[in-house]
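Student: model the structure of this input:
(2 chains)
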2 protein chains.
Amino acid sequence: MGNPTAAMLVIGDEILSGRTRDANMYHLAQELAGLGHDLAEVRIVSDDAPAIIAAVKALSHGFDHVFTSGGIGPTHDDITADCIAAAFGVPIDVRADARALLEVHYARTGSELNKARLRMARIPEGAILIDNPVSIAPGFTLGNVHVMAGVPAVFKTMVASVLATLAGGEPLVSRSLEIHRGEGDIAGPLAALANDFPDLSIGCYPFRKDGIHGANIVVRGHDAVQIDAAMIRLKQEVAV
Amino acid sequence: MGNPTAAMLVIGDEILSGRTRDANMYHLAQELAGLGHDLAEVRIVSDDAPAIIAAVKALSHGFDHVFTSGGIGPTHDDITADCIAAAFGVPIDVRADARALLEVHYARTGSELNKARLRMARIPEGAILIDNPVSIAPGFTLGNVHVMAGVPAVFKTMVASVLATLAGGEPLVSRSLEIHRGEGDIAGPLAALANDFPDLSIGCYPFRKDGIHGANIVVRGHDAVQIDAAMIRLKQEVAV
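Tutor: Residues are numbered from 1 along each chain as shown, chains lettered A, B, ... in the order given. Sure, this is the predicted structure:
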């Protein structure tokens, strides 16, 4: 297929504790599908340095791009930047351009650029800043790892900034067909279809509605001609 | 802390492609918090055998319990059971008790127990079945890995069955306080608080509402007395 591969690393206790339902992963998955990058793995770890460092190393070796969310604010549990530096074996310190962004912002809003806020200007050596028009404190890209905020509004603007700099692949195209037969009745023809279209992903998502068993068949891939051909066979051989 | 540790493995393309927003992880996280198991990591991988097998091995070695969702239906993309068997190095085949469950069910509903449906009776050697009152096809536990369906209604009943068999730890208690100060203004006293209560997790989740910056401070832990003490200090030293 040749599309770039991607992984996401979500950092923070709020999803693992059940307090918050994920929103950033759902957003990134949709954006990457549109850009033509194949999101192949997601990991969610807590605010724990060894876990974050191990995940960054594994994912940055395994995939073309890694997108992280969370842990870059001013409080004690914001340890992502230090963990990224450790994973890449580079130093980290307050950087002048990041500090300047914060100085202008806090002078304008009348808040103090105290020691805690200055933590947000700590950038690993060699990183490129990611713009944050919402709350100014920047994200950064180091190697193939894009480090972004966990606050959904900020995460979204950072994703938009980063993806605008990346070459796209073939966008993922999805078509679906609702079938009113049991999943077990259509599994045989579906497997044959999947076998005949090895470049497509053919998923089957069963449901029960008003007492009737059915399934949504979702055909995903990068070649619209192949998808059209698969959908025609799906209607002829599976939906009947 | 001594609580059991847990990890979750979500298997399937539907979340990675952005089609579906996660629901099962959110449910399991809440249930585990109530039981007193510490959910420490979640991984999401696609319907890809090497990725599934590698994740099962890593998580089953790293944590007390692993909970998987997805990939145990009758269609070609349902490869979870075979991957679990491969990860543990045990054989897998149709098992008589699982087959009997399906025979009774499909005889009653008038559907054929065809080859595809019989796949759902393939159980790795040595596994214990997990009851499925919703759609009958069982999940299973092998070693410390609990293998459950991805359909949310079925996943929920299987989680309830499995968790009923596990010894609990100290349930996770969460208290939160909404503070109308900027995150950067409270970071210092928050860090001091976190330092004085090393057994508690103290998270800070900033928000902006009607133009006002604030943060929700969430204190989590297993000892209600410590949490009470931390909340008192939070109100005295941070909220002012």
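
Student: in the helix or strand of chain A with the lowest mean pLDDT, what counts as buried?
Tutor: Least confident element among the helices and strands of chain A, by mean pLDDT, DSSP states H and E: strand A:201-209 (a mean of 86). For strand A:201-209, a neighbour-count test (16 or more other C-beta atoms under 10 Å in any protein chain shown) marks A:201-206 as buried. In this view, the C-beta of every residue, glycine as well, is placed from N, C-alpha and C.

Student: can you check stretch A:87-107 too?
Tutor: Buried, per 16+ other C-beta under 10 Å, within stretch A:87-107: A:87-88, A:92, A:95, A:98-99, A:101-102, A:105-106.

Student: and that stretch, how far out from the chain's middle?
Tutor: Distance of stretch A:87-107 from the chain centroid (C-alpha atoms, centre = their mean, to the nearest Å) equals 24 Å.

Student: okay, it in PDB with CA atoms only?
Tutor: Output of stretch A:87-107 as PDB, limited to C-alpha atoms (Å, rounded to 0.1, in the frame of the first residue of the first chain):
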ATOM      1  CA  ALA A  87      13.700   8.500  25.000                       C
ATOM      2  CA  PHE A  88      15.900  10.300  22.300                       C
ATOM      3  CA  GLY A  89      18.900  10.700  24.600                       C
ATOM      4  CA  VAL A  90      19.000  14.500  24.100                       C
ATOM      5  CA  PRO A  91      19.200  17.400  26.700                       C
ATOM      6  CA  ILE A  92      16.200  19.500  27.500                       C
ATOM      7  CA  ASP A  93      16.100  23.100  28.900                       C
ATOM      8  CA  VAL A  94      14.100  26.300  28.600                       C
ATOM      9  CA  ARG A  95      14.400  27.500  25.000                       C
ATOM     10  CA  ALA A  96      14.500  31.200  24.100                       C
ATOM     11  CA  ASP A  97      11.900  31.200  21.400                       C
ATOM     12  CA  ALA A  98       9.400  29.200  23.400                       C
ATOM     13  CA  ARG A  99      10.100  31.500  26.400                       C
ATOM     14  CA  ALA A 100       9.500  34.500  24.300                       C
ATOM     15  CA  LEU A 101       6.100  33.200  23.200                       C
ATOM     16  CA  LEU A 102       5.100  32.800  26.800                       C
ATOM     17  CA  GLU A 103       6.500  36.200  27.900                       C
ATOM     18  CA  VAL A 104       4.400  38.000  25.300                       C
ATOM     19  CA  HIS A 105       1.300  36.000  26.200                       C
ATOM     20  CA  TYR A 106       1.500  36.400  30.000                       C
ATOM     21  CA  ALA A 107       2.400  40.100  29.700                       C
END
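
Student: give me the contact list for that stretch.
Tutor: A:52-53, A:56-57, A:60, A:81-82, A:85, A:112-113, A:117-118, A:120-126, A:129, A:136-138, A:142-143, A:145 (C-beta atoms under 8 Å, 6 or more residues apart in numbering or on different chains).

Student: same check on stretch A:129-138?
Tutor: Counting by C-beta under 8 Å, 6+ apart, A:72-74, A:97-98, A:101-102, A:105, A:117, A:120-121, A:123, A:139-141, A:146-149, A:151, A:153-154, A:157-158, A:161-162 sit against stretch A:129-138.

Student: buried subset of those residues, written for ChimeraX?
Tutor: Per 16+ other C-beta under 10 Å, the buried members of the contacts of stretch A:129-138 correspond to this ChimeraX selection:
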select /A:72,73,74,98,101,102,105,117,120,121,123,139,140,141,146,147,148,149,151,154,157,158,161,162
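
Student: looking at the contacts of stretch A:129-138, which are in helices?
Tutor: Among those, DSSP state H puts A:97-98, A:101-102, A:105, A:117, A:153-154, A:157-158, A:161-162 in helices.

Student: tell me which of those residues is nearest to residue A:194?
Tutor: The closest of the ones in helices among the contacts of stretch A:129-138 to residue A:194 turns out to be residue A:162 (C-beta to C-beta; 33.4 Å).

Student: am I right that the closest one is in contact with residue A:67?
Tutor: Yes: here residue A:162 reaches residue A:67: they are 7.4 Å apart, a contact under C-beta atoms under 8 Å.

Student: can you give me the strands for chain A?
Tutor: Ranges of strands in chain A, per DSSP state E, are A:5-11, A:38-45, A:65-69, A:92-94, A:122-124, A:128-130, A:139-142, A:145-148, A:173-179, A:201-209, A:212-221.

Student: so can I have CSV of the buried residues of stretch A:87-107 showing distance to residue A:212 and pLDDT?
Tutor: Below are the buried residues of stretch A:87-107 laid out as CSV (distance: C-beta to C-beta, whole Å; pLDDT from 0 to 100):
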residue, distance to residue A:212, pLDDT
A:87, 51, 98
A:88, 54, 98
A:92, 58, 98
A:95, 60, 97
A:98, 57, 97
A:99, 62, 97
A:101, 57, 96
A:102, 58, 96
A:105, 57, 94
A:106, 59, 93
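
Student: please verify my assumption that residue A:172 contacts residue A:224.
Tutor: No: with contact defined as C-beta under 8 Å, residue A:172 and residue A:224 do not form a contacting pair (11.1 Å).

Student: okay, now the unreliable bits of chain A?
Tutor: A:1 (pLDDT under 70).

Student: domain ranges for chain A?
Tutor: A:5-163, A:173-238 (automatic domain parsing).

Student: okay, those domains, which one's buried deepest?
Tutor: domain A:5-163 (a mean of 20; mean count of other C-beta atoms under 10 Å in any protein chain shown).

Student: that domain: how far from the chain's middle?
Tutor: The answer for domain A:5-163 is 12 Å, by C-alpha atoms, centre = their mean.

Student: same thing with stretch A:205-213?
Tutor: Using C-alpha atoms, centre = their mean, the offset of stretch A:205-213 from its chain centre is 30 Å.

Student: repeat for stretch A:146-166
Tutor: Per C-alpha atoms, centre = their mean, the centroid offset for stretch A:146-166 relative to its chain is 10 Å.

Student: hmm, that stretch touching chain B?
Tutor: Yes: if you take C-beta under 8 Å from any C-beta of the partner chain as the test, stretch A:146-166 does meet chain B, through residue A:151.

Student: and the contacts of stretch A:164-180?
Tutor: Against stretch A:164-180 from outside (C-beta under 8 Å, 6+ apart): A:1-4, A:33-38, A:65, A:186, A:212-224, A:227, A:231, A:234-235, A:238-239, B:17, B:19.
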